[in-house]
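# What would the 3D arrangement of this be:
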Amino acid sequence: MNAQWLIVPVLLPAVVAAVLALVRPLALQRLLSVASCAALVGIAGHLLASADSGALTVYALGNWRPPFGIVFVLDRLSALMLLLTALLALPVAIAMSGGEDERGPFLHAFLHFQLMGLNGAFLTGDLFNLFVFFEVLLIASYCLLLHGQSAGRVRAAWHYVVVNLVGSSLFLIAVALLYAMTGTLNLADLAVKLPQLHAGERVLAHSGALMLLVVFALKAAMFPLFLWLAPTYSNAAAPVAALFAIMTKVGIYAIVRVYPMVFGATAGEAALDLRVWLLPPALATMACGALAALASRRLSGIAAQLTLLSVGTILAVGALATTPALSASLYYLAHSTLSGALLFLVCGLVSAQRGEALDLLKRGVTMHQSQLTAILFLFAAVAVTGIPPMSGFMGKTMLLQGSASASDAVAAWIWSFVLVTSFVAILALMRGGIVVFWMARSSQRTSDTAPVPLIAAALGMVAFVMALATLAGPIKGFTDATALQMTDTHAYVRAVFAVGGRP
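Numbering: from 1, shown residues only. Predicted coordinates for the structure are as follows:
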């Protein structure tokens, strides 16, 4: 494959975003936005097929030889994240065309700026450009969150901005420490130079690495840095909240990309044991997400807290850093992203038909609620909570099997938390469904209509979730190969430094 293909997932949304900012007819904006997202699906599929061969493709921007300049690296992990982002973006763009884009300008432009940041973060091969793309996607997310300018969104955006500014400051301090100790921020070069550090230098490098872990944990919304998530996701417009389903996964991606490769077994005395730093807060994240979902007063709040629960579940097993654990975590990451986005879209359908916030204490709903919306909610609830035969059940089965390789005590903790929090999640969604769809007063009528694009987007997401379950075998084969490749640091280093160019 021509390495120049790697710039397309970043360049295409950047160009389309600039065009959308200048185009005035809303119909043309919608057409360009959906067409661009559809093209991204095709491009990401092509890149995934190329990465599935096991070869790493490296593109050096400006033809600068690594570790100088900017490099994009395509392997199975980055290709998986690119395809997941594209599959999420297409229904989101369709859903935005159902009237949400009429509430303010530039919604589609900010969607594509966010896609630019997401794709860049998944492809970049150095820490500083990871910071740059983090900032691009965060700035776009601020604007997407504020779209519509309700009081709740303004309050949530204020907290979201402040928290992420603190995180960005810590990010810069962390990369400065690592650069001071190693003279590089290229991931492949870091993997080579970290084992060569002296004892005093390793202490400072570890300080930078742990500070960086705090930043990634903040982006992923891991305990105790998760309080920003629920207000942000529950107050965002339904299509925006669906897109945000992948935002926490960027932090998870950064953790599983950087630490097994740079601070893994090949780092020698500079290695860090992820289980020590990730497992306890990940279990706490699961507990907080499940209990908060059960206590939530709003359907969108339940969806937000279940997103938090999925973060803890992925990191609790992924922290084991074994091939089965990483493979299971990647499958569950894809499942939780798509099913979580579906649940947010269903919340949007319910809100459109109720004409009010999804307050579960206001029970004047749904004798006239659309049957399709009820069916979609049931499907989303089954998928999210891991009830057979959907992908959530398969994903949790893989997680339990992947954690079996840990010590008996660790495996027992993980199994207990996964099973108990799954049961609590079922109770939370059951409560929400009963209140919203059954406990109605006939004197309070609601609309049976919802925007057709929003319905189409939800049905499209249903198709993706069903495909994830139907193709579980081949997908697990891909995630197994991805997990093996993630721990092969030497192959990554060889591929990056094999690229020629200007010194």
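
# Run through this structure and note the low-pLDDT ranges.
Filtered on pLDDT under 70, the chain yields the residue ranges 148-149, 354-370, 439-450, 500-503.

# Now with 80, please.
The chain contains residues with pLDDT under 80 at 1, 104, 148-152, 265, 267-268, 352-370, 405, 435-451, 499-503.

# Provide a complete list of residue ranges assigned to strands in it.
Using DSSP state E, the strands of the chain run over 57-61, 70-74.

# Please name every helix or strand in contact with the last one.
Where contact means 3 or more CB pairs under 8 Å, 6 or more residues apart in numbering; DSSP states H and E, strand 70-74 is packed against helix 26-51, strand 57-61, helix 107-123, helix 489-497. Every C-beta, even on glycine, is put in place using the N, C-alpha and C of the backbone.

# quick revisit: pick the most deeply packed of the strands of the chain.
Mean neighbours per residue, mean count of other CB atoms under 10 Å, is largest over the strands of the chain for strand 70-74, with a mean of 24.

# Tell me which residues are up against that one.
By CB atoms under 8 Å, 6 or more residues apart in numbering, the surrounding residues in contact with strand 70-74 are 6-7, 10, 47, 50-51, 56-62, 64, 123-126, 129, 186-187, 492, 495-496, 499.

# Are any of those buried, and if so which?
6-7, 10, 47, 50-51, 56-60, 123-126, 129, 186-187, 492, 495-496, 499 (16 or more other CB atoms under 10 Å).

# Present the strands of the chain as TSV; the columns should include distance to residue 373.
As requested, those are exported to TSV (distance: least, CB to CB, whole Å):
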stretch	distance to residue 373
strand 57-61	43
strand 70-74	39
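
# Go through the ones you listed and name the closest to residue 458.
strand 70-74 (31.2 Å; CB to CB).

# Off-centre distance for that closest one?
Centre-to-centre, strand 70-74 and its host chain are 20 Å apart (CA atoms, centre = their mean, to the nearest Å).

# and it with helix 26-51, angle?
Calculated by axes from the mean of the first three to the mean of the last three CA atoms, to 10 degrees, strand 70-74 forms an angle of 70 degrees with helix 26-51.

# Which residues are in contact with the nearest residue to residue 339 once chain neighbours are set aside?
Of all residues not flanking residue 339 in the chain, residue 383 sits nearest, at 4.1 Å (CB to CB, 6 or more residues apart in numbering). Residue 383 is in contact with 335, 339, 342, 390, 391, 392, 465, counting by CB under 8 Å, 6+ apart.

# Specify which member of the residues you listed is nearest to residue 25.
Comparing the contacts of residue 383 against residue 25 with CB to CB places residue 342 closest, at 30.3 Å.

# Next up, the contacts around residue 421.
Counting by CB under 8 Å, 6+ apart, residue 421 touches 286, 287, 289, 290, 309, 312, 313.

# hmm, back to that, can you list the helices and strands packed on strand 70-74 in TSV and add distance to residue 225?
Below are the helices and strands packed on strand 70-74 laid out as TSV (distance: least, CB to CB, whole Å):
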stretch	distance to residue 225
helix 26-51	30
strand 57-61	32
helix 107-123	19
helix 489-497	28
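
# tell me the most buried of those?
Across the helices and strands packed on strand 70-74, the average number of neighbours (mean count of other CB under 10 Å) peaks for helix 107-123, which reaches a mean of 27.

# Which residue ranges of the stretch 151-300 of the chain form helices?
151-182, 187-193, 199-220, 229-235, 238-244, 247-262, 274-295, 299-318 (DSSP state H, counting those that start in this stretch).

# Compare those and report which one is nearest to residue 84.
In terms of CB to CB, the element of those nearest to residue 84 is helix 247-262, at 7.8 Å.

# So residue 83 versus residue 47, what's the distance?
Distance, residue 83 to residue 47, by CB to CB, to the nearest Å: 8 Å.
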